[in-house]
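Enquirer: Below are the sequence and a predicted model; questions follow.
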Amino acid sequence: MKNLLLSISAVLFFSCDDGDLQIETIDFDSITTINTCNTVEVSTASLLFKINTVEALILELPANALKNEVITEATVNAITESGPYKLTYRTFSDNVSKDYFCSSVPLTSPTVVEEIIAKSGNILITTSEENSTTYNHNITLENITFETSENNRITNLSINDYGKVVTTKAN
């Protein structure tokens with residue numbers, strides 16, 4: 001009886017699986033450059049992206065999300081999967097460059113290995129005036145939650161400081 005109990009315990013112990021739990025880290029705070037394909041205008045939607053070798057963090061802002069006026073108290077905008085404020089994390093098969101996002105003819109390489117759209121979170125925008133026509137928009141992310149296709153939740157606070165975007169007021 002003792003041997004049977006010991007055998008069953010050993011089988012249960014060695015057959016337990018952690019479910020291949022993977023804790024991913026999405027860290028773009030060390031990447032200071034925000035890329036764009038065109039000059040950012042307050043009156044048009046903006047596609048902003050940060051590249052970290054084989055991964056990208058893509059932020060979509062609707063028209064008029066940025067304003068050419070001083071805003072010292074952060075404007076808070078909710079991120080949703082359907083937009084208009086949308087945050088996407090992509091991994092690629094190889095190093096990715098700005099050309100991947102900005103080419104008029106879509107590039108075939110590198111390929112997207114995984115794309116995860118943020119389920120929730122907030123975008124905070126503050127604006128300062130550099131001079132009478134130039135404005136600096138500081139973009140911060142908070143409480144961002146991504147969920148993979150396997151329903152693994154990635155809640156990561158190491159992507160807080162998205163960066164700074166500059167706009168110019170027309171004369």
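Expert: That came through fine.

Enquirer: can we go C-alpha only for contacts and neighbour counts from here?
Expert: Will do.

Enquirer: Pop out the phi and psi values for Tyr100.
Expert: Torsion angles at Tyr100 (phi, psi; degrees, to the nearest 10) stand at phi -60, psi -40.

Enquirer: in terms of contact, does it touch Val112 like I think?
Expert: No - the criterion here is CA atoms under 8 Å, and Tyr100 misses it with Val112 at 10.8 Å.

Enquirer: what is the most centrally placed residue in the chain paired to in the beta sheet?
Expert: In the chain, the residue lying closest to the centroid (CA atoms, centre = their mean) is Leu57, at 3.8 Å. The partner list for Leu57 in beta bridges (DSSP bridges) reads Lys50, Tyr89.

Enquirer: Name the nearest residue to Pro106, ignoring sequence neighbours.
Expert: Closest residue in space to Pro106, ignoring its immediate chain neighbours: Tyr100 at 7.1 Å, by CA to CA, 6 or more residues apart in numbering.

Enquirer: got a list of what that neighbour touches?
Expert: Tyr100 makes contacts with Pro106, Leu107, Pro110, as judged by CA atoms under 8 Å, 6 or more residues apart in numbering.

Enquirer: In what element of secondary structure is the last one found?
Expert: Spelled out, it's Pro110. Assigned by DSSP states H and E, Pro110 falls within no helix or strand.

Enquirer: hmm, back to that, do I have it right that the residue nearest to the centre of the chain meets Tyr89?
Expert: Yes - the pair Leu57 / Tyr89 is scored as a contact, 4.7 Å apart, by CA under 8 Å.

Enquirer: hmm, back to that, a markdown table please, covering the contacts of Tyr100 and showing distance to Phe28 and pLDDT.
Expert: Shown next, in a markdown table, are the contacts of Tyr100 (distance: CA to CA, whole Å; pLDDT from 0 to 100):
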| residue | distance to Phe28 | pLDDT |
| --- | --- | --- |
| Pro106 | 25 | 77 |
| Leu107 | 24 | 83 |
| Pro110 | 20 | 94 |
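
Enquirer: Quick one: the helices in the chain, in order.
Expert: Taking DSSP state H to define them, one finds helices in the chain at 2-15, 98-102.

Enquirer: Go through those helices and find the least confident stretch.
Expert: Of all the helices of the chain, mean pLDDT reaches its minimum on helix 2-15 (a mean of 53).
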